[in-house]
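**Q** what would the 3D arrangement of this be:
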Amino acid sequence: MRAFVFVLALTAVTAGLTFAAAEAATAAAPPACPTCHSAADVVPIIYGFPSEELMKAAERGEVALGGCLVSPDDPQWRCKKCSVDFR
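**A** Model prediction:
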């Protein structure tokens with residue numbers, strides 16, 4: 001029972017933090033893509049378990065979802081024009 005409660009609590013915390021991180025990332029001006037040099041098509045990559053709001057933002061193309069596994073070297077930005085992920 002404890003493991004189940006822990007997973008639910010961790011999921012709730014992660015979803016909230018992920019959406020807060022998405023809001024913070026979208027507030028910053030995106031850098032230009034190193035491949036095609038477009039800044040208009042660059043969106044932040046958000047990692048962690050996505051909330052419903054974050055899933056909707058990804059469907060609208062406002063953010064990219066990077067998955068639940070996070071490492072220090074993960075890319076932070078994705079170019080929608082040429083599909084390049086970069087830091």
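
**Q** what are the ranges of the helices in this structure?
**A** Counting by DSSP state H, one finds helices in the chain at the ranges 2-27, 52-59.

**Q** show me what counts as buried in the shortest one.
**A** Of the residues in helix 52-59, 54, 57-58 count as buried by neighbour count, 16 or more other C-beta atoms under 10 Å. Heads up, the C-betas are built off the backbone N, CA and C, glycines and all.

**Q** wait, isn't Gly67 in contact with Tyr47?
**A** Yes. Gly67 sits in contact with Tyr47 when judged by C-beta atoms under 8 Å, with a separation of 6.3 Å.

**Q** who has more neighbours, those two?
**A** A direct count of neighbours by other C-beta atoms under 10 Å for Gly67 and Tyr47 places Tyr47 higher, at 19 against 12.

**Q** ok, that one - contacts?
**A** Counting by C-beta atoms under 8 Å, 6 or more residues apart in numbering, Tyr47 touches 18, 65-70, 74.

**Q** lowest average pLDDT across the helices of the chain?
**A** The minimum mean pLDDT among these belongs to helix 2-27 (a mean of 47).

**Q** let me have the buried residues of helix 52-59 in JSON lines, extended by distance to Phe86.
**A** Formatted as JSON lines, those follow (distance: C-beta to C-beta, whole Å):
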{"residue": "Leu54", "distance to Phe86": "21"}
{"residue": "Ala57", "distance to Phe86": "20"}
{"residue": "Ala58", "distance to Phe86": "18"}
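
**Q** what is the nearest of those to Pro30?
**A** Closest approach to Pro30 among the buried residues of helix 52-59 (C-beta to C-beta): Ala57, at 14.4 Å.

**Q** surely the closest one touches Val63?
**A** Yes. Counting by C-beta under 8 Å, Ala57 does reach Val63; the two are 4.9 Å apart.

**Q** number of nearby residues for the closest residue in space to Ala28 that isn't next to it in sequence?
**A** Closest residue to Ala28 apart from its sequence neighbours, by C-beta to C-beta, 6 or more residues apart in numbering: Pro44 at 7.8 Å. For Pro44, the neighbour count with other C-beta under 10 Å is 22.
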